[in-house]
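# Turn this into a structure:
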Amino acid sequence: MAAYKAMWEDAAAASRTSDPKHQRLDDHARGNALSLLRYMMEQNHKHGATGQGAASVAPIVVKSSKTKVELLDCVDGSKWVQAEPNSSSEWTLSPIFLGS
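Next up, the predicted model:
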């Protein structure tokens with residue numbers, strides 16, 4: 001649970017510069033999660049956008065074993081604003097499904 005929450009904190013830190021190779025992105029994310037975070041940063045970078053604030057998460061454990069934990073979460077991006085430089089346009093994260 002702590003690693004999942006830290007992954008989103010890392011994503012918020014990376015969004016300040018929209019650097020898809022930000023040093024913190026792979027601290028707590030692997031596989032599809034890391035690919036998604038890098039994709040988000042690439043898209044923001046492409047549009048010259050950076051992030052302010054952070055996503056709010058409230059994960060619950062759906063299933064767990066000795067080697068794997070499955071979480072369910074509804075990520076609230078309403079306080080994680082993405083903004084383009086020299087523009088009054090801002091947007092928040094759209095709902096996405098991170099399922100298998």
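# What mean pLDDT does stretch 53-71 get?
Average pLDDT, stretch 53-71: 94.
# whoops, I mixed them up, stretch 9-29
96.
# which parts of it are buried?
Residues 10-15, 18-20, 22, 24-25, 28-29 are the ones in stretch 9-29 that count as buried (16 or more other C-beta atoms under 10 Å). The C-beta positions use only the backbone N, C-alpha and C, and glycine is treated the same way.
# List just the nearest of those to residue 38.
residue 20 (4.4 Å; C-beta to C-beta).
# Find the nearest non-adjacent residue to the closest one, please.
Among residues not flanking residue 20 along the chain, residue 41 sits closest, at 4.0 Å (C-beta to C-beta, 6 or more residues apart in numbering).
# now for the biggest helix by length in the chain, which elements pack on it?
Using DSSP state H to define each element, the chain has its longest helix at helix 31-46. With contacts defined as 3 or more C-beta pairs under 8 Å, 6 or more residues apart in numbering; DSSP states H and E, helix 31-46 has these neighbours: helix 2-15, helix 25-28.
# Please work out how many residues are found near the residue nearest to residue 20.
Using other C-beta atoms under 10 Å, the number of residues around residue 41 comes to 23.
# Report the contact partners of it.
By C-beta atoms under 8 Å, 6 or more residues apart in numbering, residue 41 lies in contact with 14-15, 18-20, 22, 25.
# hang on, the earlier thing: in TSV: the helices and strands packed on helix 31-46, plus distance to residue 62.
What follows is those, written out as TSV (distance: least, C-beta to C-beta, whole Å):
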stretch	distance to residue 62
helix 2-15	12
helix 25-28	19
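# what's the closest of the ones you listed to residue 47?
So among the helices and strands packed on helix 31-46, helix 2-15 is nearest, using C-beta to C-beta, at 12.4 Å.
# what pairs with residue 51 across the strands?
On the basis of DSSP bridges, residue 51 is bridged to residue 82.
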